[in-house]
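Colleague: Okay, sequence plus prediction incoming.
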Amino acid sequence: MSRDAIVMLKEDHKEIRACFREFQKASTTPARKGKLVDQIIELLTVHTYVENEVMYPRVRELLPELEDDVLESYEEHHVADLLVVELAPMTPKDERFEAKTTVLIENVTHHMQEEEDDWFPKVRAGLSRTQLQDIGAELAEAKKRAPRRPEQPSALKKTIDAVIK
């Protein structure tokens with residue numbers, strides 16, 4: 001039997017938050033922070049991929065009244081994706097590594113909280129258990145093919161490089 005899509009996404013959120021908390025501990029060494037950021041990047045890359053490719057399109061199709069919420073979520077993902085692309089080549093020795101990671105954590109934490117407090121309840125109220133399980137099955141399949149690292153289109157990279165310089 002398929003798992004409920006919302007339950008699956010909340011499990012992702014829990015895992016991401018655990019990495020965020022460890023990163024933010026004062027006792028976490030720079031080397032550990034580097035490994036955590038690599039893990040955060042992978043978790044967020046997979047998570048945003050499955051939401052963008054499966055969850056959001058299916059909700060738009062089945063619950064058109066949530067269109068504005070979905071569009072806002074796409075934009076919040078876009079901001080997180082830009083930060084992840086910039087953070088991916090960095091190391092803890094880079095001057096802006098901590099600051100960029102902190103901004104990523106703040107943005108993603110806000111996004112996850114908004115989904116859990118506002119969007120998920122609307123989706124759960126509007127869809128049947130079977131629909132949520134069907135979407136859950138689609139999410140599970142999408143996770144298998146999801147990229148693990150951010151893709152950096154050359155045009156985006158040039159823009160980012162120009163901003164950083």
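Modeller: Yep, that arrived. Numbering: from 1, shown residues only.

Colleague: Output the below-cut-off pLDDT ranges for the chain.
Modeller: 1-2, 152-165 (pLDDT under 70).

Colleague: do that again at 90, thanks
Modeller: Scanning the chain for pLDDT under 90 picks out the ranges 1-2, 26, 28, 148-165.

Colleague: Which parts of it are helices?
Modeller: Remark: helices assigned in the chain by DSSP state H are 5-24, 30-50, 56-62, 67-87, 97-114, 120-126, 129-145, 154-164.

Colleague: Check which helices and strands the fifth one sits against.
Modeller: If I follow you right, that is helix 97-114. Where contact means 3 or more Cβ pairs under 8 Å, 6 or more residues apart in numbering; DSSP states H and E, helix 97-114 is packed against helix 5-24, helix 30-50, helix 67-87. In short, each C-beta sits where N, CA and C put it, glycine included.

Colleague: just the first one next, same as before
Modeller: Using 3+ Cβ pairs under 8 Å, 6+ apart, the elements in contact with helix 5-24 are helix 30-50, helix 97-114, helix 120-126, helix 129-145.

Colleague: Who are the packing partners of the last one?
Modeller: If I follow you right, that is helix 129-145. helix 5-24, helix 30-50, helix 56-62.

Colleague: Which stretch among those helices is buried most, on average?
Modeller: Each of the helices and strands packed on helix 129-145 was scored by mean neighbour count; the highest is helix 30-50, a mean of 19, by mean count of other Cβ atoms under 10 Å.

Colleague: Which elements pack onto that helix?
Modeller: helix 5-24, helix 67-87, helix 97-114, helix 129-145.

Colleague: TSV please, covering those and showing distance to residue 53.
Modeller: What follows is those, written out as TSV (distance: least, Cβ to Cβ, whole Å):
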stretch	distance to residue 53
helix 5-24	13
helix 67-87	11
helix 97-114	17
helix 129-145	5
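
Colleague: so which of the ones you listed comes closest to residue 44?
Modeller: The closest of these to residue 44 is helix 67-87. By Cβ to Cβ, the value is 5.8 Å.

Colleague: Okay, buried residues for the closest one please.
Modeller: 69-70, 73, 76-77, 80-87 (16 or more other Cβ atoms under 10 Å).
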